[in-house]
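Chemist: when you get a sec, could you give me coordinates for this:
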Amino acid sequence: MRISSKRKEILMEVQSNIGYEFNDLNLLNTSLTHSSYANENRMKSYESNERLEFLGDAVVNLIISQYLYESFYGIPEGELTKRRATIVCEPALAFAAKKINLGDYLLLGKGEEGTGGRNRDSILADAFEALVGSIYIDGGLENAKKFLLNIFDGEVISTISEGGLFTDYKTKLQEKLQKNSMVNIEYVVEKEVGPDHDKRFYINAIIGNKVLGKGMGRNKKEAEQMAAKEALYRVGEGDG
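Modeler: Here you go, the predicted structure:
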């Protein structure tokens, strides 16, 4: 795919921001191409970033898993899994994307552009994973690791994994319910939407027979957190 001179200038700026120079600029450009743009430009054979996102998701999980394993000696597997889930959740990945102004460089379709897609957490998180995937393909695991851990430095990872940046709404809700002598909450999958590599889960937080909150996420844990967040507002404990 031939990249215009104007687009190349933008991609050069991206490389400067992320601290990595690509051997293949097409990989970088693809990582920033949303499916809405690719669909609107089929005649130009644009590929969306969905496949790179699929790869990047696995790379991010591997790098963060290794970091947690090496940095938090003595913490059991269950707690490490919980911390990893907090770090690789959609809000955290979107936070990382915003640190490098990734939204400014995305190729979006007219519909997504017009509805604020550049600032939408789901799009930013997907693009960030695609970017990690593109660095992995272009420069190997060490370069991907260097980039990711530069964004998620040790202090940020510790803060996120210990709940200081992104709230564990499920735990807060359970504590609230126990304090008020209410019955336990149940999280039930309402539906799953999308292909396996880009699935969205819709989950209801239920007390008794009443739906107290609804949530959507890229995995069940994330959707449960969003459902718990909404439920907290219903019981008067939301913190925004």
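Chemist: state the number of residues packed around residue 224.
Modeler: Summarising burial for residue 224: neighbours were counted as other Cβ atoms under 10 Å, giving 24. Heads up, the C-betas are built off the backbone N, CA and C, glycines and all.
Chemist: residues in contact with the residue nearest the centre of the chain?
Modeler: Here the mean C-alpha position of the chain is nearest to the C-alpha of residue 90 (Cα atoms, centre = their mean), at a distance of 3.1 Å. Listed by Cβ atoms under 8 Å, 6 or more residues apart in numbering, the contact set of residue 90 reads 121, 122, 125, 217, 218, 222.
Chemist: pick the one among those residues closest to residue 48.
Modeler: For the contacts of residue 90, the residue nearest residue 48 by Cβ to Cβ is residue 122; the value is 14.2 Å.
Chemist: count the residues that sit near that closest one.
Modeler: 16.
Chemist: and the gap between it and residue 141?
Modeler: In this view, residue 122 and residue 141 are 26 Å apart by Cβ to Cβ, to the nearest Å.
Chemist: likewise for residue 149?
Modeler: Using Cβ to Cβ, we find residue 149 at a distance of 12 Å from residue 141.
Chemist: mutual contacts of these two, please.
Modeler: Common neighbours of residue 149 and residue 141 (criterion: Cβ under 8 Å, 6+ apart): residue 63.
Chemist: ok, these two, which is more surrounded?
Modeler: Remark: of residue 149 and residue 141, residue 149 carries more neighbours, 16 against 13, as counted by other Cβ under 10 Å.
Chemist: would you map the strands across the protein?
Modeler: 186-193, 200-207, 210-217 (DSSP state E).
Chemist: what's next to the last one, contact-wise?
Modeler: By Cβ under 8 Å, 6+ apart, the surrounding residues in contact with strand 210-217 are 89-90, 185, 190, 200-206, 222-235.
Chemist: ok, now with 7 Å
Modeler: With contacts defined as Cβ atoms under 7 Å, 6 or more residues apart in numbering, strand 210-217 is touched by 90, 200-206, 223-231, 234.
Chemist: filter the residues you listed to the buried ones?
Modeler: By neighbour count, with 16 or more other Cβ atoms under 10 Å, the contacts of strand 210-217 hold 90, 201-206, 223-231 as buried.
Chemist: and those residues, which two are the farthest apart?
Modeler: So, the buried ones among the contacts of strand 210-217 by Cβ to Cβ: farthest apart are 90 and 206, at 22.6 Å.
Chemist: top helix in this structure by residue count?
Modeler: The longest helix of the chain (DSSP state H) is helix 50-71.
Chemist: helix or strand with the lowest mean pLDDT in the protein?
Modeler: helix 154-161 (a mean of 64; mean pLDDT, DSSP states H and E).
Chemist: what domains does the record give for this structure?
Modeler: For the chain, automatic domain parsing gives the domain ranges 5-161, 169-234.
Chemist: any idea which of the ones you listed has the lowest pLDDT on average?
Modeler: When the domains of the chain are compared on mean pLDDT, domain 169-234 scores lowest, with a mean of 83.
Chemist: what is the end-to-end distance of it?
Modeler: 13 Å (Cα to Cα, to the nearest Å).
Chemist: what about residue 194, how many residues nearby?
Modeler: Using other Cβ under 10 Å, residue 194 has 10 neighbouring residues.
Chemist: and the residue lying closest to the residue nearest to the centre of the chain once chain neighbours are set aside, how close does it get to residue 207?
Modeler: Nearest non-adjacent residue to residue 90, counting by Cβ to Cβ, 6 or more residues apart in numbering: residue 125, 4.5 Å away. Plainly put, residue 125 is 30 Å away from residue 207 if you go by Cβ to Cβ.
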